[in-house]
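Structure for the following, please:
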Amino acid sequence: MFSGKPLKFKIGVLIFLTALGMLAGVFLGGCRQRNPGAAGGGASGERIPVVATIYPLADFARLVGGERVTVTQLLPQGAEPHEWEPSPKDILKLYRAKLVIYNGAGLEPWVARLLPSLRSKGVRVMEATKGLPLLTFAEEEKEGWTIYVNGSGQLQEKDEMHHTPVDPHAWLDPLLAREIVSRMAKELIAVDPAGKVDYMRRAQALQNRLAGLDRAYAAAARNFRRKEIIVSHAAFGYLGRRYGLRQVPVLGLAPEQEPDAATLAKIVDYGRKQGIRYVFTEPTVNPRASETVARELGVPVLPLTPIDSLSPQERERRSDYFDLMLQNLNNLKKALGE
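Numbers count the residues shown, from 1 in each chain. Below is the predicted model:
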């Protein structure tokens, strides 16, 4: 019944239907005895329903929540988060959750339209990047962590990134990811106080792993013979800030942006001058433009994934956040000549 309707219309209808459902629940509740333990979530043996929008947040939630939670990833595996919007079925999953975790920083602009109704229904909502030292794309360019071969004029395209100049890929910095995990544990405790000890223990173990990941990246970066990487799109600014890398995006700020022939020629020229040995591609993004650059440079391609979603091959291998971060690190070592 929603075919052809805009997302705003779908959300309005679903809010109305949800309200009717809540009223029906109140009415029927007077006709039967309630289960006094049913509202206790993890404390009563029922798992806490958690919805996370993107893969890294869902992975962290599973690791922190353990057996006390059931985590649903809203964004389908292999989907591109910059373009994706929820279906009515997806929106209903949000309303049924105890805790909703979204990235923020402009990655999921549709969330803002749902927040009032989610909170009025008693759903707790966590914005993962809130309070973090985020970067704008302009800051990344100014500091040299991102290089646009066409100059800063490329930044005029930032409005295509949902009218936000903020880089949303904070989870790629292991130390920022540690802060997200710490807050995630507190949010889980808020909806399931009985699980406090378990959540804190699991969060600390995960934070320790993230600290180890940071040490591995920092040690490798000290031995890199070059810092420049040609990547699919500008997703690696936080890695640049933390470990001194300089990314040159083929596709601009978002994966859906297609470079023209002049831009590709300038990237190839830049790559020759810098002695680029590999061009990086993303498993969930069309590799055509990056492969064109690699072919012109006469170099191979390597995967460097933003880990916002898993490719079919990554799912088949049962890869997780740490697997992919270590794969990224090994490929950076290969490309940058540790």
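
Output the below-cut-off pLDDT ranges for the protein.
The model of the chain has pLDDT under 70 over residues 1-44, 151-164, 254-257, 338.

Tell me the helix or strand right after the helix of greatest length in it.
For the chain, the longest helix by residue count, based on DSSP state H, is helix 196-221. Toward the C-terminus, helix 196-221 is succeeded by strand 228-231 as the next helix or strand (DSSP states H and E).

and that following strand, what other elements does it pack with?
Counting contacts by 3 or more CB pairs under 8 Å, 6 or more residues apart in numbering; DSSP states H and E, strand 228-231 packs against strand 246-249, helix 261-274, strand 279-281, helix 288-297, helix 321-336. (Each C-beta comes from the backbone N, C-alpha and C, glycine too.)

how about the helices of the protein, start to end?
7-29, 55-65, 88-95, 111-120, 137-143, 174-191, 196-221, 237-243, 261-274, 288-297, 312-316, 321-336.

Can you tell me which of the ones you listed is nearest to Ala79?
Closest to Ala79 of those is helix 55-65 (CB to CB; 9.8 Å).

quick check: angle from the closest one to helix 321-336?
In terms of direction (axes from the mean of the first three to the mean of the last three CA atoms, to 10 degrees), helix 55-65 departs from helix 321-336 by 130 degrees.

Helix 55-65 versus helix 174-191: what angle between them?
50 degrees.

Now do helix 55-65: distance to the chain's middle.
11 Å (CA atoms, centre = their mean, to the nearest Å).

which residues are in contact with that helix?
Residues from elsewhere that reach helix 55-65 (CB atoms under 8 Å, 6 or more residues apart in numbering): 48, 50, 52, 69, 71-73, 75, 77, 101-103, 128, 171, 177, 180-181, 184-185, 188, 199, 202-203, 206, 307-310, 320-321.

of these, buried ones?
Among the contacts of helix 55-65, the ones that count as buried by 16 or more other CB atoms under 10 Å are 48, 50, 52, 69, 71-73, 75, 101-103, 128, 171, 177, 180-181, 184-185, 188, 199, 202-203, 206, 307-310, 320-321.

Kindly spell out which helices and strands sit in contact with the longest helix of the chain.
Helix 196-221 sits against helix 55-65, helix 174-191, helix 237-243, helix 321-336, with contacts defined as 3+ CB pairs under 8 Å, 6+ apart.

Swap in 6 Å and give it another go.
helix 55-65, helix 174-191, helix 321-336 (3 or more CB pairs under 6 Å, 6 or more residues apart in numbering; DSSP states H and E).

Now do Pro303: how many residues are near it, please.
17 (other CB atoms under 10 Å).

And Ala335, how close does it get to Tyr321?
Using CB to CB, to the nearest Å, Ala335 is found at 21 Å from Tyr321.

wait, I meant Thr72
From Thr72 over to Tyr321 (counting by CB to CB), the distance is 17 Å.

repeat for Ala218
On the measure of CB to CB, Ala218 and Tyr321 end up 18 Å apart.

Tell me who's in contact with Thr70.
Thr70 makes contact with Arg47, Pro49 under the criterion CB atoms under 6 Å, 6 or more residues apart in numbering.

so what's it bridging to?
For Thr70, the beta-bridge partners are Pro49 (DSSP bridges).

Distance check, it against His233.
33 Å.

measure stretch 184-203 end to end?
Taking CA to CA, to the nearest Å, the first and last residues of stretch 184-203 lie 8 Å apart.

got the buried residues for stretch 281-296?
Buried-residue list, stretch 281-296, by 16+ other CB under 10 Å: Thr281, Glu282, Pro283, Thr284, Val285, Pro287, Ala289, Ser290, Thr292, Val293, Ala294, Glu296.
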